[in-house]
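**Q** coords below, sequence missing:
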């Protein structure tokens, strides 16, 4: 091939490459990144975020593989994620390593957690309307046999009972975890088992556990026919659900989604604990697709 032909071929190839890149850029949209959660509640909320944002803005939402909540928060702070479903109590105790006792008397836990989160460049949007706090569950049979109504009622018979929870409850990440809990209530269980969260309910239903930690809005509580005991001494803080976001996300996406915060806050106040129990029950027990349940709920609320 002559030198002229080689140059011409090279120029043609270059023009074709530029054309291809140009076409790619023309179709490119801004992106929100979410690391998915390990629980149905988080998965449901994340899909709802995706549907709302993509319905109402020019932004696309990418949901990556699920990670532990602490890891998801770390990605948020690093700037490799933009949004995660969270709770004011989790932000305060697990991520910021503070305690409900640190909340000033003239502030709510939610406002104080947001104030402190701002130092990390994150904040909670409007409350979703549910309080997914930790709870202590026992079987109906055990509750009836011993007249159990409160966590304090467990104290006289704790040394006869097997306690179980997922690994995360035994970490030192936060003050509302196992060691502070048993010290606060003066509980000394016969045996303590660390379990994968997917095996916890199976172990309980097979009689391997007498007492376990649950989340208040988990649909599996209904399936297991748990008796949830009253936190009569108020150990567990509120866990008001809310989207946790990077503050700079709104500035970055201002052109593509100038009303992004308003779009996301459409989720504010539309849930109750009972509604979320129903939704997670459909996913965890009735095995419906999380995408279908999320979309149908938004449609029922008139948001899609």
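**A** That came through fine. Keep in mind the model is a prediction, meaning the values are calculated, not measured.

**Q** what ranges do the helices span in the protein?
**A** Taking DSSP state H as the criterion, the chain contains helices spanning 3-27, 40-56, 69-78, 88-90, 109-117, 140-146, 178-185, 197-205, 220-223, 249-252, 260-264, 273-284, 290-300.

**Q** how about the ones you listed in a markdown table, adding mean neighbour count, distance to residue 234 and mean pLDDT?
**A** C-beta: built from backbone N, CA, C; applies to glycine. Putting the helices of the chain into a markdown table (neighbours: other Cβ atoms under 10 Å; distance: least, Cβ to Cβ, whole Å; pLDDT from 0 to 100) gives the following:
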| stretch | mean neighbour count | distance to residue 234 | mean pLDDT |
| --- | --- | --- | --- |
| helix 3-27 | 10 | 54 | 44 |
| helix 40-56 | 21 | 23 | 97 |
| helix 69-78 | 18 | 23 | 95 |
| helix 88-90 | 25 | 12 | 93 |
| helix 109-117 | 20 | 12 | 97 |
| helix 140-146 | 13 | 20 | 95 |
| helix 178-185 | 16 | 10 | 94 |
| helix 197-205 | 17 | 24 | 86 |
| helix 220-223 | 18 | 21 | 86 |
| helix 249-252 | 16 | 35 | 95 |
| helix 260-264 | 18 | 31 | 98 |
| helix 273-284 | 20 | 18 | 93 |
| helix 290-300 | 17 | 31 | 98 |
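
**Q** make TSV out of these and add distance to residue 63.
**A** Below are those laid out as TSV (distance: least, Cβ to Cβ, whole Å):
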stretch	distance to residue 63
helix 3-27	20
helix 40-56	6
helix 69-78	11
helix 88-90	20
helix 109-117	22
helix 140-146	37
helix 178-185	31
helix 197-205	20
helix 220-223	23
helix 249-252	15
helix 260-264	15
helix 273-284	15
helix 290-300	10
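
**Q** out of those, which gets nearest to residue 34?
**A** For those, distance to residue 34 was read as Cβ to Cβ. The smallest value, 5.2 Å, belongs to helix 40-56.

**Q** just want the angle from the closest one to helix 273-284.
**A** Angle, helix 40-56 to helix 273-284, by axes from the mean of the first three to the mean of the last three Cα atoms, to 10 degrees: 100 degrees.

**Q** quick check: angle from helix 40-56 to helix 69-78?
**A** Put simply, helix 40-56 runs at 30 degrees to helix 69-78, going by the same axes, to 10 degrees.

**Q** my guess is residue 150 contacts residue 230, does it?
**A** Yes. When contacts are counted by Cβ atoms under 8 Å, residue 150 is listed as touching residue 230 (4.5 Å).

**Q** closest to residue 103 out of the helices of the chain?
**A** Between residue 103 and the helices of the chain, the shortest gap by Cβ to Cβ is with helix 109-117, which sits at 4.5 Å.

**Q** tally of neighbours for residue 130?
**A** Using other Cβ atoms under 10 Å, the number of residues around residue 130 comes to 24.

**Q** any idea how far residue 158 is from it?
**A** Computed as Cβ to Cβ, to the nearest Å, the residue 130 to residue 158 distance reads 30 Å.

**Q** now swap in residue 194 and tell me
**A** The spacing between residue 194 and residue 158, counted by Cβ to Cβ, is 18 Å.

**Q** again with residue 150
**A** Distance from residue 150 to residue 158, counting by Cβ to Cβ: 13 Å.

**Q** between those two, what contacts are shared?
**A** Common contacts of residue 150 and residue 158 (Cβ atoms under 8 Å, 6 or more residues apart in numbering): none found.

**Q** which one's more surrounded, the two?
**A** Neighbours per residue, other Cβ under 10 Å: of residue 150 and residue 158, the larger number sits with residue 158, 17 against 14.

**Q** show me the contacts for that one.
**A** For residue 158, the residues meeting the contact criterion (Cβ under 8 Å, 6+ apart) are 187-190.

**Q** let's see that with 6 Å instead.
**A** Under the criterion of Cβ atoms under 6 Å, 6 or more residues apart in numbering, the contact list for residue 158 reads 187-189.

**Q** and the nearest residue to it once chain neighbours are set aside, how many residues sit next to it?
**A** The spatial neighbour of residue 158 that comes closest, neighbours along the chain excluded (Cβ to Cβ, 6 or more residues apart in numbering), is residue 187 at 4.7 Å. As a burial measure, residue 187 scores 19 neighbours (other Cβ under 10 Å).

**Q** wait, residue 253 touches residue 31, no?
**A** No. Residue 253 is not in contact with residue 31 according to Cβ atoms under 6 Å; the separation is 9.0 Å.
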